[in-house]
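Undergrad: could you work out the structure for the sequence below:
(one chain, ligands or ions: 1)
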Amino acid sequence: MSSNRFIKFWPVTIAFLIGLFVFFAFQSSFHLSFWYLIIWIKLFAIIQFCGAYFIGLNFHLTSINNLNTTEKKVMLTFDDGPHANTEKVLEVLKKHDVKAIFFIIGKNIHGNEAILNQMVAEGHQIGNHSFSHHNWIDVWSTKKVTEDFATCQKLIELYQPQSKLFRPPFGVTNPNIAKALKQLNLQSIGWNVRSYDTSIKDVKKINQRVIHQLKPGAIILLHDRLDFMPELLERLIPAIKEKGYGFAENLINKDSVS
Ligand SMILES: [Zn+2]
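TA: Residues are numbered from 1 along each chain as shown. As a prediction, the model looks like this:
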C-alpha cells in the first residue's frame, strides 16, 4: 500500500537540485544567507536517511507493509532463517495452527533443506531475504545486488516456485535494491509492527510491545533464529488470539494483497 505519492526518491532529489539551482541563481542578487543552503542540505539528508531506513515510508520502492483488510487478522513474519531454532518455531506454529512467512537467507539453506521442505509442507510461505545478508549490501552496485537476490530466488523457487516475496536485509532500501527487485519481479514486504526482538531480548517485554501495537492487517516482524523465539510465540500467539485477532493464511491471496 503506497502511503505517499510525492515523498519518493526522485521527486525529493529533483526538488533538492532545483532548490540548489535557485539558491545559487539568486544568492548574490538577493544576498541570501548560506544558512538557507545548510538547512536545505540537512533537510535533504534527513529525508534520505528516513527513506532508506523506514520501509513503511515507501520512499525507494512500494512495499506491502500491512494486509489489505479491516478484519482483525495479522501475519507473523520471520527473517534470517533457516536456523537450528527454526524447527522449534515450526513446532509451536503447528501446535497453534498458525501460518507464517519465512524470509530466508540463501546461504543458510545448505544443510537445512529439510527445514524448508517442512515449511512448505506445513503451509507456510517462504520469501527471499537475499543470499548473503551481507553487512555492506546497501552500498553494493545494482549488478551485485541483483546477482545476490537472483541466487537466493533460484533456491527459493526450488521449494515454492510461485514465490515472489522479498524482504530487504536490515529493512534498508535504496535505488539499487529498487532496480534489482524490478528486474527480478519481486514484491517487497515490509511490516507495520516491529517487535525489536533482536534488541529487547526480554520475552515479556517483546510480547507487550507487539500486543500494544496490534491492529487489523498487522504484519509483525520477528526472527526465527533467536533462542527465545519458541518461548515468545507460546506467549504471543495466545495473547493475540485473546485480543480477538486471527492469523491470515497467506499474502498471495487476492483479498490480502494491496
Ligand atoms: Zn535480516
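Undergrad: and the nearest residue to residue 245 once chain neighbours are set aside, how many neighbours?
TA: Leaving out its chain neighbours, the residue that sits closest to residue 245 by CB to CB, 6 or more residues apart in numbering is residue 72, at 4.6 Å. Glycine gets a C-beta too; all of them are placed from N, C-alpha and C. Neighbourhood size, residue 72 [other CB atoms under 10 Å]: 15.
Undergrad: next one, pLDDT for residue 72 please.
TA: What the model reports as pLDDT for residue 72 is 96.
Undergrad: who's in contact with it?
TA: Neighbour list for residue 72: 216, 243, 244, 245, 246 [criterion: CB atoms under 8 Å, 6 or more residues apart in numbering].
Undergrad: what about burial for those residues, which qualify?
TA: Burial by neighbour count, 16 or more other CB atoms under 10 Å: within those this picks out residue 245.
Undergrad: wait, residue 88 sits on residue 228?
TA: No - with contact defined as CB atoms under 8 Å, residue 88 does not reach residue 228; the gap is 10.4 Å.
Undergrad: show the backbone phi and psi for residue 246.
TA: Backbone torsions for residue 246, taken as degrees, to the nearest 10, come to phi -110, psi 180.
Undergrad: tell me which residues touch it, please.
TA: By CB under 8 Å, 6+ apart, the contact set of residue 246 is 71, 72, 73, 74.
Undergrad: my guess is the first one contacts residue 216. True?
TA: The reference is to residue 71. Yes - contact criterion CB under 8 Å: residue 71 and residue 216 qualify, at 5.8 Å.
Undergrad: which stretches of the stretch 151-258 of the chain form helices?
TA: Along the stretch 151-258 of the chain, counting by DSSP state H, counting those that start in this stretch, helices occupy 175-184, 197-200, 203-213, 229-242.
Undergrad: quick one: contacts of the third one?
TA: Which is helix 203-213. Residues outside helix 203-213 that contact it (CB under 8 Å, 6+ apart): 192-193, 195-197, 200, 220, 228, 231-232, 235-236, 239-240, 243.
Undergrad: low-confidence ranges, this structure, go.
TA: Scanning the chain for pLDDT under 70 picks out the ranges 1-5, 252-258.
Undergrad: enumerate the residues of it near the ion.
TA: The chain comes close to the ion at residues 79, 80, as judged by CB under 5 Å from the ion.
Undergrad: any idea which helix is longest in the chain?
TA: The helix spanning the most residues in the chain, taking DSSP state H as the definition, is helix 9-30.
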